[in-house]
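Colleague: I would like the atomic coordinates for the input below:
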Amino acid sequence: MKTKQHESLAFVKGTDNFKLESVKQHDDSIVHKRYIEIGEAKSQPSCKSKAAEALRTLHESQHNSLAIKFRTAHALAKTHMSFRTYSTICVLDEAKGLDVGVNYRNDKAVASFTKAIATVVQRTTVEKLKDTQFCSFTIDGSTDFTGDDLENIYIRTVHSGRVEDTFLHIGCAESGSSKHIHEHVKEVFAKLHITDEM
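Modeller: Next comes the predicted model:
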C-alpha cells in the first residue's frame, strides 16, 4: 500500500528528528493511523476480522434455513417417507414461523441432502470399522420389483465392550450366487478403502 507520496515522508524513509512535536504530529497524521489499522487487521486471525463477521452475519440466515432442510431430509429418510412430501413439510415449517428460504424445496433437493447425510454417516461408520479390534459383517439379500438382487451389508463392531450393529451399504450383485455376492462385497470394501488387515 506504500505510494511514492508516502515514501517521501520523513518517518517512512527514516529520520533522526525525534522532537516531541514532530513525533506527535506524525502520530496524528492520517497516513500513520491508516497504517496502524492495516497492521492491526493483519495481526488479527481472519475469522475475527470485520469482513469475516459481516460474511458470517450475512450467511447466518441461509445456514439456518439449510439446517432446517437437512433435518427434514434426515427425518424423511429415517421414517422411510416419500421425498414428495418434502415440499409440503417446508410449507408447514414456514407456517410455523421457521425461515426455510425459497431455494431447495423440491424432491431433487431432498434427495441430494439425503445423499450428503448418507455419505457423512457412511464415512463415520467406516472410521468406526477401521478403529475396532473385532468386526464381522452380515449380508441380507432381497429382490426388488425389477428382479435385481439387492444386498444389504451390515457390520458388527465392538468398542469398549459394547457391541454395535450398523448398516454399511446396499447395492446390486450380479446375481444371488455366492460368487457374485462375494465379488460385490469385495467391490464395496475396496470402494470404501476397507482393507483385509483391519
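Colleague: residue 90 - how many residues pack around it?
Modeller: 23 (other Cβ atoms under 10 Å). C-beta here means a position set from N, CA and C on the backbone, and glycine is covered the same way.
Colleague: give me phi/psi at the nearest residue to residue 83 once chain neighbours are set aside?
Modeller: Using Cβ to Cβ, 6 or more residues apart in numbering and skipping the chain neighbours, the partner closest in space to residue 83 is residue 107 (4.1 Å). In terms of degrees, to the nearest 10, the main-chain angles of residue 107 are phi -70, psi -30.
Colleague: and residue 107, how many neighbours?
Modeller: 13.
Colleague: so it touches residue 84, yeah?
Modeller: Yes. Using Cβ atoms under 8 Å, residue 107 is in contact with residue 84, at 5.5 Å.
Colleague: picking up where we left off before, what's the distance between the residue nearest to residue 83 and residue 116?
Modeller: To residue 116, residue 107 is 15 Å away according to Cβ to Cβ, to the nearest Å.
Colleague: do the same with residue 124
Modeller: Distance from residue 124 to residue 116, by Cβ to Cβ: 13 Å.
Colleague: can you check residue 184 too?
Modeller: From residue 184 over to residue 116 (counting by Cβ to Cβ), the distance is 24 Å.
Colleague: now residue 125
Modeller: With Cβ to Cβ as the criterion, residue 125 and residue 116 are 15 Å apart.
Colleague: ok, residue 94 next?
Modeller: 22 Å.
Colleague: of these two, who's got more company?
Modeller: The residue with more neighbours, out of residue 94 and residue 116, is residue 94; 16 against 12, by other Cβ under 10 Å.
Colleague: I'd like to know how many residues surround the nearest residue to that one once chain neighbours are set aside.
Modeller: Leaving aside its chain neighbours, residue 94 sits nearest to residue 100 (5.5 Å; criterion: Cβ to Cβ, 6+ apart). For residue 100, the neighbour count with other Cβ under 10 Å is 21.
Colleague: out of the helices and strands in this structure, which is least certain?
Modeller: The weakest-scoring helix or strand in the chain, judged by mean pLDDT, DSSP states H and E, is helix 4-7 (a mean of 56).
Colleague: in the helix or strand encompassing residue 26, what's buried?
Modeller: Counting by DSSP states H and E, the element that carries residue 26 is helix 20-27. Buried residues in helix 20-27, counted by 16 or more other Cβ atoms under 10 Å: residue 26.
Colleague: what angle separates the next helix or strand after that helix from helix 20-27?
Modeller: Proceeding N to C from helix 20-27, the next assigned helix or strand is helix 30-43, under DSSP H and E. Interaxial angle, helix 30-43 versus helix 20-27 (axes from the mean of the first three to the mean of the last three Cα atoms, to 10 degrees): 60 degrees.
Colleague: and whichever helix or strand comes after helix 30-43, how far out from the chain middle?
Modeller: Using DSSP H and E, the helix or strand that follows helix 30-43 in sequence is helix 50-78. Distance of helix 50-78 from the chain centroid (Cα atoms, centre = their mean, to the nearest Å) equals 11 Å.
Colleague: show me the domain layout of the chain.
Modeller: 18-48, 61-119, 132-191 (automatic domain parsing).
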